[in-house]
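[1] Provided below for reference: sequence and predicted model.
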Amino acid sequence: MVPALRKAFNDAFTQQQYEAFLKDLNSLHPGALEFRIAETPEFISKEFGNKIFDACESIIDVITDEGFKKLTDRSIPKKDFVPNENSISHFIALDFGVCINDDGEPEPQLIEMQGFPTLFGFQVYYPDLLRKYFSIPENYSQYLNGYDRASYLKDMKEVIVGKEDPENVILLEIKPHQQKTRIDFYCTQDYLGIQRICITELIQEGKKLFYVNEKSGKKTEVKRVYNRIIFDDLYAQKDSLGSIVDITQDLDVEWVPHPNWFYRISKYTLPFIHHPFVPATYFLHEIKQIPADLENYVLKPLFSFAGQGVVIDLTQADLDKIKNPENWVLQKKVKYADAIITPDVPAKLEVRMMYIWKEGEARPKLAINLSRLSKGKMIGVRYNKDKKWVGASVSYFEK
């Protein structure tokens, strides 16, 4: 993305240096880092960064519009509706692919969006350590909008812990110690002092929730929940979990963010956004005439996660199989750029722009990012097996 910095990084890179970095990265919580860390970060110029920022703020305009909730009410499945919804989504993530437009120029294109937390803790620890082993210019940062490490962690604590004692705030997940992203849970606990609790460990008494504090051994009331549970994942594992608390009840807890926002800010939102850097997206059941060039579209299920169910090489036969078209979107396909030069073949790049939304503020604030490199058809582990210079990464934006 910045040719001179890319060349300098590649020329200076050694495998020994990378392995020493990985060893150090794994030392904080040995065995917890299960996903692949790419050999390189990315460097985003001011010019390209401004394109992403412009698209982001256009999307936020839609989310902050007073009619947004009404517009997205149908996005929440009835069985997953949770009472006592907050007025805001405390965390938002917008995924952009670095693509090639019709003029052969690189540009960002929105791929996915979610009103749900991602690696907000790990993306503090990992990029900071990266600077210890690799040369990163001082005028480039993983933090955005004027944030630095101290101000970012301050706002994270304000949003997640609020005015409560950290022992009354939990990170809630399904089998957190078995999740591939558990390193993020541990980093979050390190920074905020909150415990990560499995849904099987919740204790319900009336409308109140409790858990057994691992430090004191005492039953402790839960007042705020930093929610990491995805219902799709919950249903897939439910038979193995035994008796668990039904979190769709009217419970006396504050959600951060509220589970309903996972659906409101999602693929469901894409058809309502109109911007040059957002590919045209349509609800399948609203299309009067199917495009003749289906090879230029992808089909995505509304209610799935981690890329599951996406049909890339689309045909009419795929559409004929759909029994519930109201639960699918047709999205214009974008052409990923060979954006990152590596020692063998170039890698494709996705950048996840991560927002924090504080109570009482009219808009969320862009805070930090993560990136992912791929040499396969899609971004993801199963498309990049046995490949190098792929995996989780971070983009340093020019200040």
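    Sure, I can see it. Just so you know, these numbers come straight off a predicted model, no measurement behind them. Residues are numbered from 1 along each chain as shown.

[2] Next, count neighbours for the residue lying closest to Ala55 once chain neighbours are set aside.
    Excluding the flanking residues, the one nearest Ala55 by CB to CB, 6 or more residues apart in numbering is Phe277, at 3.9 Å. In short, each C-beta sits where N, CA and C put it, glycine included. Around Phe277 there are 21 other residues, counting by other CB atoms under 10 Å.

[3] shouldn't Phe277 be in contact with Pro106?
    No: between Phe277 and Pro106 there is no contact under CB atoms under 8 Å: 11.4 Å.

[4] Let's see the pLDDT reported for Thr32.
    That one is not Thr; residue 32 is Ala. Model confidence at Ala32, given as pLDDT, is 97.

[5] Actually, Asn327.
    Asn327 is given a pLDDT of 89.

[6] Just list the residues touching it, thanks.
    Shown in contact with Asn327 (CB atoms under 8 Å, 6 or more residues apart in numbering): 301-303.

[7] TSV for these, including secondary structure and pLDDT?
    Formatted as TSV, those follow (DSSP: H, G, I helix; E, B strand; the rest coil; pLDDT from 0 to 100):
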residue	secondary structure	pLDDT
Pro301	strand	89
Leu302	coil	86
Phe303	coil	76
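
[8] Just the closest of those residues to Leu319, please.
    Among those, Pro301 lies closest to Leu319 (CB to CB), at 12.9 Å.

[9] Lys69 is in what secondary structure piece?
    Using DSSP states H and E, Lys69 maps to helix 68-72.

[10] starting at the chain centroid, how far to the helix or strand just after that helix?
    Sequence-wise, the next helix or strand downstream of helix 68-72 (DSSP H and E) is strand 91-100. From the chain centre to the centre of strand 91-100 is a distance of 9 Å (CA atoms, centre = their mean, to the nearest Å).

[11] Then stretch 362-379?
    The chain centroid and the centroid of stretch 362-379 are separated by 7 Å, computed with CA atoms, centre = their mean.

[12] Could you number the chain from 32 rather than 1 from now on?
    Taking 32 as the first residue, the last one we looked at is stretch 393-410.

[13] So Lys379 belongs to a helix, correct?
    No: under DSSP: H, G, I helix; E, B strand; the rest coil, Lys379 falls outside any helix and is assigned strand.

[14] if you take the average position of the chain, which residue is closest to it?
    Thr149 (4.1 Å; CA atoms, centre = their mean).

[15] you'd agree it is up against Ala124?
    Yes: using CB under 8 Å, Thr149 makes contact with Ala124 at a distance of 4.9 Å.

[16] Need the overlap of contacts for those two.
    Here Thr149 and Ala124 have 383, 385 as joint contacts, going by CB under 8 Å, 6+ apart.

[17] where along this protein do the helices fall?
    Residue ranges of the helices in the chain, as given by DSSP state H, are 34-43, 46-58, 77-95, 99-103, 153-164, 180-191, 213-223, 262-272, 291-295, 347-351.

[18] Give me the helices and strands touching the first one, please.
    Helices and strands touching helix 34-43, by 3 or more CB pairs under 8 Å, 6 or more residues apart in numbering; DSSP states H and E, are strand 73-75.

[19] buried residues in stretch 324-338?
    For stretch 324-338, burial by neighbour count (16 or more other CB atoms under 10 Å) applies to 325, 328-334, 336.

[20] Please disregard the earlier target; I meant stretch 104-120.
    So for stretch 104-120, counting by 16+ other CB under 10 Å, buried means 106-107, 111, 113, 116, 119-120.

[21] Tell me the one of these nearest Tyr157?
    Nearest to Tyr157 among those is Ser120, at 24.2 Å by CB to CB.

[22] Quick one: residues contacting that closest one.
    Ser120 touches 94, 146-147, 288-289, 292, 295-296, 388, 395, counting by CB under 8 Å, 6+ apart.

[23] Need the buried residues of stretch 324-338 in a markdown table (columns: distance to Ser58).
    Shown next, in a markdown table, are the buried residues of stretch 324-338 (distance: CB to CB, whole Å):
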| residue | distance to Ser58 |
| --- | --- |
| Leu325 | 49 |
| Tyr328 | 46 |
| Val329 | 40 |
| Leu330 | 43 |
| Lys331 | 39 |
| Pro332 | 40 |
| Leu333 | 41 |
| Phe334 | 39 |
| Phe336 | 31 |
